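Q: curious how this folds, go ahead:
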Amino acid sequence: MAFTHRDGISLYWRLDGAEDRPPLVLLNSIGTDMALWDAVVPLLLPAFRLLRIDTRGHGASDAPAGDYDLATLASDVAAIMEDADIAQAAIAGVSLGGMIAMQLALDHPARVGALALICTSAAMDRDSWTARIETVRRAGTGAIADAALGRFLSPSFQRYHPEIADGLKRGIVAQSDAGYAGAGAAIRDMALLDRLGTVAVPTLVISGNADVSTPFAGHGEVLARRILGARHRSLDCAHLPPIEAPAALAAVLISFLDDRSDVADANDTLFEEGLVNRRRVLGDEWVDRALDNRTSFNADFQAMITRIAWAEIWGRPGLDDRTRRLLVVAITASLGRWEEFALHVRAGLERNGFTRDELKEVLMQTAIYAGVPAANHAFVEAGAIIAEIDAAADASG
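A: Here you go, the predicted model:
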């Protein structure tokens, strides 16, 4: 475990990834810690060296009493970068993390190569934050946990992923009251708005189309308008894209930040994004084998499906991977595309993309809407794959 010590407190950080990759600093929102990025990290590691930080008052970092300010939190990040031997990096921050990122770019410009400002703002309602801070100091974070969760995640995501929503709520309740209130004061008192015009690095503003805390209207649009040359992307999620739309967020960050020469033009960028998705869904072994088997005859076709199917379609934020996997299984069974069916059944089962019971239910549904013969053959194909998986597990265990 790595800690930086400043102002008499300890700040926790973690550095992952190959040393030859460009560094990317990931900053969390208020009420979360570096685990906010857990689903995104595997998607970003092929392109970046990742420095994650528990903001002062959060996670394993100390939570001193009293009000914090953005200048202090930005200086924390600069000190950690120094200890991590990172002279300059792209900075991606969610909510409070985005505010810290902007402050870092203003106060420590040599440290910042680019900004990804995710569901954040340069000005929040002072009265509402004053009331929230007073509530936390009087009654603890449990008193605001339900309201915070309602802002963090969309209702549909909470409904379909109660295990994630409940875990996030437990994290809010468990957070230091002093840490939450101190960080809340930094949000309440921030003075970024009038300085945005001096931000001088490439900037991407990312908004969630279901975000009620910092919607694009009145928040993201201000950043995009006032920061010279800033671009904007919208994702299908609420306030925490790393949880609700990790694949889409990773694809957007890679497209914006990864300027290596081999992904410099649009086609190559889409190809790299597609490979990230393809490896996530099918696994490195299968993708490496497909790439090794490319020939001069089929290379363009392989590149095309990686760009279109895996970057454009599998990278869209509207459906999660599990839903897309099951749709592919149902469609390929219905059309009798048995090689593709077997590929996605095996990948889904071996990579915890769906359960055997979920697979069975999809094939039962297929029988009604695509015909019993198609479903019957699908059960045979899937049964053979399950038997192979079980036999391999018995042999290894």
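
Q: can we go C-alpha only for contacts and neighbour counts from here?
A: Will do.

Q: surely Ile172 meets Ala145?
A: Yes: using C-alpha atoms under 8 Å, Ile172 is in contact with Ala145, at 6.0 Å.

Q: so between these two, which is more surrounded?
A: In this view Ile172 and Ala145 are compared by other C-alpha atoms under 10 Å, and Ile172 has more residues nearby, 26 against 20.

Q: number of residues surrounding the residue nearest to the more buried one when sequence neighbours are not counted?
A: Using C-alpha to C-alpha, 6 or more residues apart in numbering and skipping residues adjacent in sequence, the residue nearest Ile172 is Gly31, 5.3 Å away. Residues lying near Gly31 (other C-alpha under 10 Å) number 30.

Q: so Gly31: helix, strand or coil?
A: coil (DSSP: H, G, I helix; E, B strand; the rest coil).

Q: next one: stretch 145-153 to chain centre, how far?
A: Averaging C-alpha positions (C-alpha atoms, centre = their mean, to the nearest Å) puts stretch 145-153 18 Å from its chain's average.

Q: cool, stretch 19-37 as well?
A: With C-alpha atoms, centre = their mean, you get 10 Å for stretch 19-37.

Q: please apply the same query to stretch 141-158.
A: Taking mean C-alpha positions (C-alpha atoms, centre = their mean), stretch 141-158 and its chain are 18 Å apart.

Q: could you tell me the end-to-end distance of that stretch?
A: End-to-end span of stretch 141-158 (C-alpha to C-alpha, to the nearest Å): 20 Å.

Q: do the same with stretch 311-327
A: 17 Å.

Q: who touches that stretch?
A: Applying C-alpha atoms under 8 Å, 6 or more residues apart in numbering, the contact partners of stretch 311-327 are 235-237, 245, 247-248, 251, 270-271, 273-275, 277, 281, 344, 348, 353-354, 359, 362.

Q: low-confidence ranges, this structure, go.
A: Scanning the chain for pLDDT under 70 picks out the ranges 1, 258-269, 397.

Q: got the domain ranges for it?
A: Domain assignment for the chain by automatic domain parsing gives 2-259, 263-313, 321-396.

Q: re the thing from before, in helices, which of the contacts of stretch 311-327 appear?
A: Counting by DSSP state H, the part of these found in helices is 247-248, 251, 270-271, 273-275, 277, 281, 344, 348, 359, 362.

Q: which of those count as buried?
A: In terms of neighbour count (16 or more other C-alpha atoms under 10 Å), the buried residues within the ones in helices among the contacts of stretch 311-327 are 247-248, 251, 270-271, 273-275, 277, 281, 344, 348, 359, 362.

Q: and which of those residues is nearest to Arg231?
A: Nearest to Arg231 out of those is Ala251 (C-alpha to C-alpha; 15.1 Å).

Q: quick check: that closest one vs Arg52, distance?
A: Applying C-alpha to C-alpha to Ala251 and Arg52 gives a distance of 18 Å.

Q: please apply the same query to Leu223.
A: 24 Å.

Q: quick check, Leu115 in a strand?
A: Yes: residue state for Leu115 (three-state DSSP) corresponds to a strand.

Q: does the nearest residue to Gly66 once chain neighbours are set aside count as helix, strand or coil?
A: Closest residue to Gly66 apart from its sequence neighbours, by C-alpha to C-alpha, 6+ apart: Gly182 at 5.7 Å. The three-state label given to Gly182 by three-state DSSP is helix.

Q: and Asp125, how many neighbours?
A: The tally of other residues near Asp125 (other C-alpha under 10 Å) stands at 10.

Q: now the residue lying closest to it once chain neighbours are set aside. Its backbone dihedrals?
A: Distances taken as C-alpha to C-alpha, 6+ apart place Arg188 nearest to Asp125, at 7.3 Å, with adjacent residues excluded. Dihedral pair for Arg188: phi -60, psi -40, per degrees, to the nearest 10.

Q: who touches His219 in this structure?
A: Thr120, Ser121, Ala122, Ala123.

Q: could you check how far Ala351 is from Ser207?
A: Just to correct that, residue 351 is Arg rather than Ala. With distances taken as C-alpha to C-alpha, Arg351 is found 30 Å from Ser207.

Q: between these two, point out the one with more neighbours.
A: Neighbours were counted for Arg351 and for Ser207 using other C-alpha under 10 Å; Ser207 has more, 29 against 14.

Q: go ahead and confirm that one touches Leu235.
A: Yes: Ser207 sits in contact with Leu235 when judged by C-alpha under 8 Å, with a separation of 6.2 Å.

Q: one step back: measure the residue nearest to Gly66 to His219 for me?
A: Counting by C-alpha to C-alpha, the gap from Gly182 to His219 is 22 Å.

Q: same deal with Asp390?
A: 52 Å.

Q: same check, this time on Leu26
A: Leu26 is 21 Å from His219, by C-alpha to C-alpha.

Q: check contacts around Asp189.
A: Asp189 makes contact with Asp69, Arg126 under the criterion C-alpha under 8 Å, 6+ apart.

Q: rewinding a little: make TSV out of the contacts of His219 and add neighbour count and secondary structure.
A: As requested, the contacts of His219 are exported to TSV (neighbours: other C-alpha atoms under 10 Å; DSSP: H, G, I helix; E, B strand; the rest coil):
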residue	neighbour count	secondary structure
Thr120	28	coil
Ser121	28	coil
Ala122	24	coil
Ala123	18	coil
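
Q: thank you kindly, that will do.
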